[in-house]
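Colleague: fold the following for me, if possible:
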Amino acid sequence: SWEGRVTAADNGSRDLVATGSGRLRNLVLRDDIHRARLASLAELAVEGLDYHDALARLSLRRLVIAGLNVDVAMDRDGQLNLQQVFAAAAAAPATGATPPPAEAARPLALRLDSLVLRDNTFNFRDDSPDLRFSAQLSRFGGRIDGLSSDPARRAKVQLDGVVNRYAPLAISGEVNPLAAQTWSDLRERLRDLDLTALTPYTVTYIAYPLERGKLALELDWKVADRRFDSQNRVLLDGIALGEKREAPRATKLPVRLGLALLTDSQGDADLRVPAYGELDDPKFRVGQVVLQALGNLLVKAATSPFALLGGSGGGQADSVPFAAGDDTLPPSEQTRLAELARALAEKPQLLLVITGAAAASDRAALQRDALELQLRREYLASPFRRGTVDTVTLTDAQRLELLATLYRRATGNALASLRDDAGRPLDDAARRLAAETALLPGFAIDDGALRELARARAVQVKDVLLAAGLAEARLVMADGALLADAVDPVPTKLAVDAR
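Modeller: Numbers count the residues shown, from 1 in each chain. This is a model prediction of the structure:
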């Protein structure tokens, strides 16, 4: 029904004026392509319409949309029904005479004092192969007050609804979508969304089903000067993934490891995900921008796990340094490992992989240790000396004398007979170096000895973590690594993995 007035000048000028109010009830739109209902509307009420053609002005006091029910469906080929219907309508041939070219029109000044939404429902269904997913936004309503094409105006938004029957959604803020340059400052809040309904998607795109978990969102989105900026807070409650499944289209991102790092012992996580983009970028899509930011967060977590776990103590977070030839942990590293154990205790889905290592610098250090041991044994070979190889201390003079003995035994020459290039006798330091250079190759350190050292270092790390309370089932000892470089200190590597 409609009640109003329309007047038009008969002098050929643009002077059409229309005013009035009206209602449309029980409208049904059908999708002839898929032979299904597309949308239905219980009531559309227009109140206080005022249109002036000559002034290029359209205003409405109130627009009410009640009982709107829209069915959005994606077919097996990935096409949305709405897109197909609109494309078909646009391609339909025009009927009747072609109108003459219109004069360039002034931009229409628009104003809608109040848009009221009541009890609207939006249904989504995905019939893509292996998906069969459905979702619903129901009881969607509220109001938007002060819509206008005036760029200085801001409309107040207050909307709410329910997602999938139980999860409340609220949207508030200010917008100006009718201006030449859109502007918005919106806050979206969603609580208690059951994530298990998303399993068809998670299996397809991340290769894991969702066994349990709930989602809450706190989204703050702003659009100004053709730029989108957002702060997105994602709260996961008790999330748990099932066993990995075969999924050809699944991402290669380390989803399980990333989630294990980002969630606590209860499967909860509080993620802050900023996202932004330029509206003039033809590739810009709000959903893609936010999802990409989430993916980047997972990658950052998996590639820099110790930044999340903490406990670096100012050192290299993913390794434990050992002095060349030694398997003793300094106290500072023991403290750091204890902090790491406490952090891991809060993330029970994580394993810690320990890879001991030995390097070329260890071989040289072990040779020096073997020479030192031989010097002490030579010193204690005299029946007039007391002590053990672990307790005896050699003076510089005693060490030089013992080196001379070993040097003569190994080469048949006297250490004191060595001369420099000018024929002068060597000083004590030069003789000591010459003797060590000649004797050290005689102390062979094979790869087996280096592997034993690498494993001893890994065991030291593991023992400290166990003493700090970390369960042995959480620790994995990897094969020791032999490094070609002569590094000092030598790093025992740490890595995290998901169970």
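Colleague: ok, and what's touching stretch 73-85?
Modeller: With C-beta atoms under 8 Å, 6 or more residues apart in numbering as the test, stretch 73-85 has contacts from 31, 33-34, 36, 38, 71-72, 124-129. No exception for glycine: its C-beta is placed from N, CA and C like everyone else's.
Colleague: could you dump those to TSV with neighbour count and distance to residue 281?
Modeller: Putting these into TSV (neighbours: other C-beta atoms under 10 Å; distance: C-beta to C-beta, whole Å) gives the following:
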residue	neighbour count	distance to residue 281
31	17	32
33	14	32
34	14	33
36	11	35
38	19	31
71	19	31
72	16	25
124	15	26
125	16	30
126	18	27
127	14	31
128	16	27
129	9	31
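Colleague: out of the residues you listed, which sit inside strands?
Modeller: In this view, the contacts of stretch 73-85 that belong to strands under DSSP state E are 31, 36, 38, 71-72, 124-126.
Colleague: for the stretch 101-250 of the chain, which segments count as strands?
Modeller: 109-126, 133-148, 155-163, 167-176, 183-194, 210-224, 227-241 (DSSP state E, counting those that start in this stretch).
Colleague: just the CA trace of the fifth one, in PDB.
Modeller: What follows is the C-alpha trace of strand 183-194 in PDB, where atoms were taken according to Å, rounded to 0.1, in the frame of the first residue of the first chain:
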ATOM      1  CA  TRP A 183      33.900   6.200   6.300                       C
ATOM      2  CA  SER A 184      33.300   3.800   9.200                       C
ATOM      3  CA  ASP A 185      34.300   3.100  12.700                       C
ATOM      4  CA  LEU A 186      32.700  -0.200  13.800                       C
ATOM      5  CA  ARG A 187      33.000  -2.600  16.700                       C
ATOM      6  CA  GLU A 188      31.900  -6.100  16.200                       C
ATOM      7  CA  ARG A 189      31.600  -8.500  19.200                       C
ATOM      8  CA  LEU A 190      30.800 -12.200  18.900                       C
ATOM      9  CA  ARG A 191      30.700 -14.600  21.800                       C
ATOM     10  CA  ASP A 192      30.500 -18.400  22.300                       C
ATOM     11  CA  LEU A 193      30.500 -19.600  18.700                       C
ATOM     12  CA  ASP A 194      30.800 -23.400  18.700                       C
END
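Colleague: any idea of the angle that strand forms with strand 167-176?
Modeller: Comparing the axes of strand 183-194 and strand 167-176 via axes from the mean of the first three to the mean of the last three C-alpha atoms, to 10 degrees yields an angle of 180 degrees.
Colleague: then the shortest one?
Modeller: Angle, strand 155-163 to strand 167-176, by the same axes, to 10 degrees: 160 degrees.
Colleague: now do the longest one
Modeller: When the same axes, to 10 degrees is applied, the directions of strand 109-126 and strand 167-176 differ by 150 degrees.
Colleague: give the other helices and strands that strand 109-126 contacts.
Modeller: Counting contacts by 3 or more C-beta pairs under 8 Å, 6 or more residues apart in numbering; DSSP states H and E, strand 109-126 packs against strand 57-60, strand 62-66, strand 69-74, strand 133-148.
Colleague: how about the residue most central in space within the chain, nearest residue that isn't a chain neighbour?
Modeller: The C-alpha lying nearest the average C-alpha coordinate of the chain belongs to residue 297 (C-alpha atoms, centre = their mean; 1.6 Å). What sits nearest to residue 297 in space, not counting adjacent residues and going by C-beta to C-beta, 6 or more residues apart in numbering, is residue 273, at 5.9 Å.
Colleague: residue 59: how many residues sit nearby?
Modeller: For residue 59, the count of nearby residues is 16 (other C-beta atoms under 10 Å).
Colleague: same check on the one 10 residues further on?
Modeller: If you count neighbours by other C-beta under 10 Å, residue 69 ends up with 17.
Colleague: bridged to it, which residues?
Modeller: Residue 69 has the following beta-bridge partners by DSSP bridges: residue 40, residue 121.
Colleague: show me the contacts for it.
Modeller: Counting by C-beta under 8 Å, 6+ apart, residue 69 makes contact with 39-41, 120-123.
Colleague: those residues into TSV, with extra columns for neighbour count?
Modeller: Formatted as TSV, the contacts of residue 69 follow (neighbours: other C-beta atoms under 10 Å):
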residue	neighbour count
39	17
40	16
41	18
120	21
121	17
122	17
123	15
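Colleague: follow-up on the earlier one: just flag the most distant two among the contacts of stretch 73-85.
Modeller: The most widely separated members of those are 38 and 129, with 23.3 Å between them, by C-beta to C-beta.
Colleague: contact partners for the nearest residue to residue 140 once chain neighbours are set aside?
Modeller: In space, not counting the residues next to it along the chain, residue 140 is nearest to residue 161; the distance is 3.5 Å by C-beta to C-beta, 6+ apart. Shown here is residue 161, whose contacts under the criterion C-beta under 8 Å, 6+ apart are 120, 137-141, 168-169.
Colleague: in this structure residue 2 contacts residue 19, no?
Modeller: No: counting by C-beta atoms under 8 Å, no contact exists between residue 2 and residue 19, whose distance comes to 11.0 Å.
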